[in-house]
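Q: pasting a predicted model and its sequence here:
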Amino acid sequence: MRVNADIHRAFEIAKIDDRLYAAFIEHMGRAIYSGIYEPGHPEADAHGFRRDVAQMVRDLNIPAIRYPGGNFVSAYNWEDGVGPKEDRPVRLDLAWRSKETNQVGINEFAVWAEEQGIEMMLAVNLGSRGITDARNFMEYVNHPSGTYWSDLRRSHGVENPYGVKMWCLGNEMDGPWQIGHKEAKEYGRLADETAKALRQLTPGAEMVVCGSSNDEMPTYPDWERGVLEECYENVDYISLHKYFGNSSNDTLNFFGKVEETGRYIQSIAGVIDFVKAKKRATNDVHICFDEWNVWYHIREEDHRRWKSWDWPEAPDLLEEDYNFEDALFVACLLNEFIRRSDRVKIACIAQLVNVIAPIRAEPGGPAWRQSIYWPYQLASLYGRGTALRVSVDSPTYDCAVADDVPYLDVAATHDTAGGTVTLFIVNRHLTEVADLRVSLTGFEGATLLDHRVMAGHNLRATNGPGSEAIAPAKGNGVAVEDGTLGGSLAPLSYHVVRLRV
Ligand code: AHR
C-alpha cells in the first residue's frame, strides 16, 4: 500500500493545550483504595500511597486530573473525607453499590496529586446537592482564611489554599442512572447559577458543564443545546464522554470508531457555535472530552456483578485487561484529539489505575503497565506544541460506523521551543505494509531524532504482572532525506517518529 502525505510548517491547526493528556480517577472499585492508596503495602509511603504506582503515573507526565467522580460524585458529601481519619463516616456509595470509607478525601488526594506534579480538576455534586455545598467545597479548597470553611481546612493542617482552577459542574446529568438526574433546562439553570456563585469565590475559575453521557443518548445533541442555552456565558467547556469496544470482533470497524468520534466532536462544535450565535455571546466554549477509553471486555459481566452485590468495600470493578488492538485504537483516538485540538482543549483518559486503566496494581502485589499505557504516554510526552495539518493520500475502507476511513492514521505536532516535529502514525491495515513518503515543507533540514514502534503482537495479547511485552521498541526502516520522510510500516503497527527541525 502506497501512502503519500504532506506537512507544511505554516499549516497549523491550533496550539495544543497540555491538558489534552489529562486523566480521570474516581472513588470506585480499586482505583483509589488498593490502587493509588494502600497503607501496609511494601511500596507504601508515609501517607499510604503506593510508590510503584506513583512512579508509573509520573512517567506519563499528566498535566491535570479530574476527581472524585464520575457517577460517585452525584451523591458524595465531600465533608465526609476531611478531618481526623478515625472520625470519618463509612457511607454507602449508591453509584457503584459499594462502601466508601472516606479514608482518602480532598486533602489526601491533593498531597498525592502534588507529588506527581498534577493539577487537580474538581467535580462538585449537582446530583443530590446544589449551590450551597458546591460553594462550601470551593471555600474549603480555595479561600485563604478567616471564614468557617477555610479555617476548617487550616484546622485540618492545610494552611495554604489549593487554588484549584478547573471545576466540573456535576457528572453525566443527562443519564437516568445518575443520582439527581435532570432535564436539560433544569440542569442548565442549576449549572449557570452554580458557575456564577463559584466564580465569585474564585475569579477566573474555569467551569466545565456536562454534555451528554455519550453520542447514543436519546437526548443527544438536543441536551447540549438546551444546557448551553441556559449557561453559555458562564461556562468555559462542555464535556464529552465516550467509551469504545469491539464486541463484534471487527478490527477495522473498531478503528473506524475514531472517525465516528470526529463526527461527535464536530457536531458538538456545531451546537456550541449555534448557541453562541443565538445568544450573541462573545465568549468561547471549548470541548472537554473528560471521559474516554476502551471499555467492553468485561463490561456486561461487571454490570451483572455490581448490580446485585452486597455493598463491598473497594471491590474489583471494571478491571479491563487491555490488548494490543486496544493500544492501536487508543493511539488513533489520541491522533484524533490532536487533529481536533482547535476545539478539544482538555481530554481525560478514564480512568488511571485499576478501573478501565492503563495502570494495574494487585493488592499487596506488583503493579504493571497495560498495552494502552504506551500510546497515552508517547502522546503525552511528545504531542505538545502546535498541531499541524497533515494531508494524507491513503487507500481507504468502508465499515459499519464510517466510510472512507484511511488505512493510515496520522497526526503531527511541532514543538517550536524544543525544535522538534513528531509524527504519530498507525497503520490500520490488517495485512499490508504501508510504503510511506511524507514531504516536509518548511522543515527542509530535518533529521531523524527518534523512532519508536509497537508492532508484531497478536491483537489479543495483553500485559500482566511481570510481563510487559507489549511496549514500544526502537524502530528502524524510517529515514529522512532531502526534506522527505520515508519508510515501510508493518501492518497493524504504531509509530512515533520524532524529527529534529
Ligand atoms: O468511568 C466510569 C463511569 O463511566 C463514570 O463514573 C461515569 O461518569 C461514566 O458513566
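A: Noted; the coordinates are in hand.
Q: just the closest residue of the chain to the ligand, please.
A: Nearest to the ligand, among the residues of the chain, is Gly70, at 3.0 Å (Cβ to the nearest ligand atom). Placement of C-beta: from N, CA and C, glycine included.
Q: for that residue, give me the backbone phi and psi.
A: Note on Gly70: backbone dihedrals following degrees, to the nearest 10 are phi 80, psi 170.
Q: let me know the pLDDT of it.
A: Predicted confidence (pLDDT) at Gly70: the value is 98.
Q: I'd like the numbering to begin with 32 instead of 1 from here.
A: Okay, using 32 as the starting number, the last item reads as Gly101.
Q: now do the same contact list for Glu322.
A: Phe55, Gly101, Ser270, His272, Lys273, Tyr274, Cys379, Ala381 (Cβ atoms under 8 Å, 6 or more residues apart in numbering).
Q: tell me the two of those that are most distant?
A: By the measure Cβ to Cβ, the contacts of Glu322 have their two most distant members at Gly101 and Lys273, which lie 14.9 Å apart.
Q: of these two, which one has the most company?
A: When Gly101 and Lys273 are compared on other Cβ atoms under 10 Å, the one with more neighbours turns out to be Gly101, at 26 against 21.
Q: for stretch 457-465, list every residue counted as buried.
A: Neighbour counts using 16 or more other Cβ atoms under 10 Å place Val457, Asn458, Arg459, His460, Ala465 of stretch 457-465 among the buried residues.
Q: what mean pLDDT does it get?
A: In this model, stretch 457-465 carries a mean pLDDT of 98.
Q: what sits up against it?
A: Everything outside stretch 457-465 that qualifies as a contact, by Cβ under 8 Å, 6+ apart, is 32-34, 282-283, 286, 359, 362-363, 366, 425-426, 436, 438-441, 519-526.
Q: around the ligand, pick out the residues from the stretch 32-181 of the chain.
A: Where the stretch 32-181 of the chain comes near the ligand, counting by Cβ under 6 Å from any ligand atom, the residues are Glu57, Gly100, Gly101, Asn102.
Q: mind listing the helices for the stretch 32-181 of the chain?
A: If DSSP state H, counting those that start in this stretch is used as the criterion, the helices of the stretch 32-181 of the chain fall at 82-89, 137-146, 162-173, 179-186.
Q: kindly reformat the ones you listed as a markdown table containing mean pLDDT and distance to Ala62.
A: Conversion of the helices of the stretch 32-181 of the chain to a markdown table gives the following (pLDDT from 0 to 100; distance: least, Cβ to Cβ, whole Å):
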| stretch | mean pLDDT | distance to Ala62 |
| --- | --- | --- |
| helix 82-89 | 98 | 11 |
| helix 137-146 | 98 | 11 |
| helix 162-173 | 98 | 20 |
| helix 179-186 | 98 | 24 |
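Q: which of those helices is buried the deepest?
A: Greatest average neighbour count among the helices of the stretch 32-181 of the chain goes to helix 162-173 (a mean of 20), per mean count of other Cβ atoms under 10 Å.
Q: do you know how far Val528 is from Asp446?
A: Using Cβ to Cβ, to the nearest Å, we find Val528 at a distance of 14 Å from Asp446.
Q: scratch that, Trp342 is what I was asking about
A: For Trp342, the distance to Asp446 - Cβ to Cβ - is 49 Å.
Q: which one's more surrounded, these two?
A: Taking neighbours as other Cβ under 10 Å, Trp342 and Asp446 compare with Asp446 leading, 17 against 13.
Q: tell me the helices and strands packed up against the strand or helix carrying Glu332.
A: Counting by DSSP states H and E, the secondary-structure element that holds Glu332 is helix 330-339. Using 3 or more Cβ pairs under 8 Å, 6 or more residues apart in numbering; DSSP states H and E, no helix or strand is in contact with helix 330-339.
Q: which parts of that helix are buried?
A: Using 16+ other Cβ under 10 Å as the burial criterion, the residues of helix 330-339 that qualify are Asp333, Trp337.
Q: again, but for stretch 116-124
A: Judged by neighbour count (16+ other Cβ under 10 Å), stretch 116-124 contains these buried residues: Arg119, Arg122, Asp124.
Q: the stretch 282-431 of the chain: strands as residue ranges?
A: In the stretch 282-431 of the chain, strands defined by DSSP state E, counting those that start in this stretch lie at 317-325, 375-381, 390-392, 398-400, 417-424, 427-428, listed in chain order.
Q: and of those, who's closest to Ser65?
A: Put simply, out of the strands of the stretch 282-431 of the chain the one that sits nearest Ser65 is strand 390-392, at 7.0 Å, with distance taken as Cβ to Cβ.
Q: sorry, back to before: could you dump the helices of the stretch 32-181 of the chain into TSV with distance to Glu260 added?
A: Compiled in TSV, those are given as follows (distance: least, Cβ to Cβ, whole Å):
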stretch	distance to Glu260
helix 82-89	39
helix 137-146	33
helix 162-173	20
helix 179-186	32
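Q: hmm, back to that, ok, and what's touching the helix holding Glu332?
A: The list of residues contacting helix 330-339 from outside it, by Cβ under 8 Å, 6+ apart, reads Trp127, Arg128, Ser129, Gly276, Pro346, Leu348, Leu349, Glu351.
Q: put the buried members of those residues into a PyMOL selection.
A: Burial among those is assessed by 16+ other Cβ under 10 Å; the matching PyMOL selection reads:
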select buried, resi 127+128+129+346+348+349+351
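Q: farthest-separated two in the contacts of helix 330-339?
A: Greatest spacing in the contacts of helix 330-339, by Cβ to Cβ: Ser129 and Gly276 (23.7 Å).
Q: next, count neighbours for Arg483.
A: Arg483 has 17 nearby residues by other Cβ under 10 Å.
Q: for the ligand, what are the nearby residues on the stretch 282-431 of the chain?
A: That would be Glu322, Ala381, Gln382, which are the residues of the stretch 282-431 of the chain within reach of the ligand (Cβ under 6 Å from any ligand atom).
Q: from memory the last one sits against Ala388, does it?
A: Yes: Gln382 is in contact with Ala388 according to Cβ atoms under 8 Å; the separation is 5.2 Å.
Q: shared neighbours of these two, anything?
A: Residues within reach of Gln382 and of Ala388 at once, by Cβ under 8 Å, 6+ apart, are Ala62.
Q: got the buried residues for the helix ranked longest in the chain?
A: The single longest helix within the chain, with elements called by DSSP state H, is helix 282-310. By neighbour count, with 16+ other Cβ under 10 Å as the criterion, the buried positions of helix 282-310 are 282-292, 295-296, 299-300, 302-303, 306-307.
Q: and the strands in the stretch 82-231 of the chain, which stretches?
A: Remark: strands assigned in the stretch 82-231 of the chain by DSSP E, counting those that start in this stretch are 95-98, 122-124, 129-131, 150-155, 197-200.
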